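K.L.:
Just a sequence and a predicted model for now, questions to come.
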Amino acid sequence: KADVIYVSDGQHGKIWRVSGGEATVFAEGIHTPSAIAFDDDGNLIVVDSGTHTIKSVNSSGEVSTIAGVEGKSGFADGDATTALFNAPVGIVVDKNKIYVADTYNDRIRVIENGKVTTLADKGFDTPCGIAIWRDKLLVADTETRKIRVVEPDGSVWTLAGNGDGDLKDGLLLSASFVQPTAIAVDKNDSIFVADGNAIRQINVGVISSVRTITDEHRGLNDGLIRRARFNRPSGLAFDNNGSLLVADSENCLVR
């Protein structure tokens, strides 16, 4: 629903449901939930980083494990019930496929038909946020400080970022990121990245560039977007009205 927001609360092991300005607990008993996404059946798919598993929450708030072994880290493809992950963080659902940023295995994995396979395993260092972009995956590759693209065949290339580790706007491969962690795409194919304490925008077109749309300094400030301040934003999503929702982690707010 357009007026309902679901929020992953990693510190308290809960998923919150926000509607009409009120927050209620939708699901709990999850160790350290990170990214969340709905599947086509209306189940909320949750990356439980702390237990190295992928969980599903039905409309009643009941939680079940769909991939990974509870409390066991490692790397193994195969049957979803025995596959192993290592503190995964990011997730996106595309039809019958669940894509997972297996963060500390430095891989992008796929869950489909009860099986786990590895889609891409080259060149990543602590991939966190992922998103669908056109027919591809975008990855906020945190420690390389780059935005990477994964093609359907698993090949990987860099869309933006020179890896320098500072905050600099400009053309795609000359711009630099501090520590990209979350990524989202709007209906016009513009890409938004949570980077350090700032929100960045990537436009790919006749003139492709990266620009910072908020203040880059840590803090809390509402108002005009260019002066707005965040404190380690870690989640991004668009609502049905086209507004960008930001999980402002260290400020403990949804903006």
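P.N.:
Ah, there it is.
K.L.:
any idea of the pLDDT on Gly21?
P.N.:
Among the per-residue scores, Gly21 holds a pLDDT of 85.
K.L.:
Who does the closest residue to Ala184 other than its chain neighbours form a beta bridge with?
P.N.:
Setting aside the residues directly before and after it, Ala184 is nearest to Leu236 in space (Cβ to Cβ, 6 or more residues apart in numbering), at 4.0 Å. (Glycine included, C-beta is placed from N, CA and C.) Applying DSSP bridges to Leu236 gives these bridge partners: Val246.
K.L.:
so where's this structure uncertain?
P.N.:
Within the chain, the segments meeting pLDDT under 70 span 1-2.
K.L.:
residue contacts, the residue nearest to Ala184?
P.N.:
By Cβ atoms under 8 Å, 6 or more residues apart in numbering, the residues touching Leu236 are 129, 182-184, 192-194, 199, 244-247.
K.L.:
try Thr142
P.N.:
Listed by Cβ under 8 Å, 6+ apart, the contact set of Thr142 reads 125-128, 179-181.
K.L.:
State the phi and psi torsions of it.
P.N.:
With angles defined as degrees, to the nearest 10, Thr142 sits at phi -60, psi -50.
K.L.:
go on, Gly50?
P.N.:
Torsion angles, degrees, to the nearest 10, at Gly50: phi -70, psi -30.
K.L.:
can you count the residues close to it?
P.N.:
Neighbour count of Gly50, defined by other Cβ atoms under 10 Å: 15.
K.L.:
coming back round to it: among the contacts of Thr142, name the buried ones.
P.N.:
126-128, 179-181 (16 or more other Cβ atoms under 10 Å).
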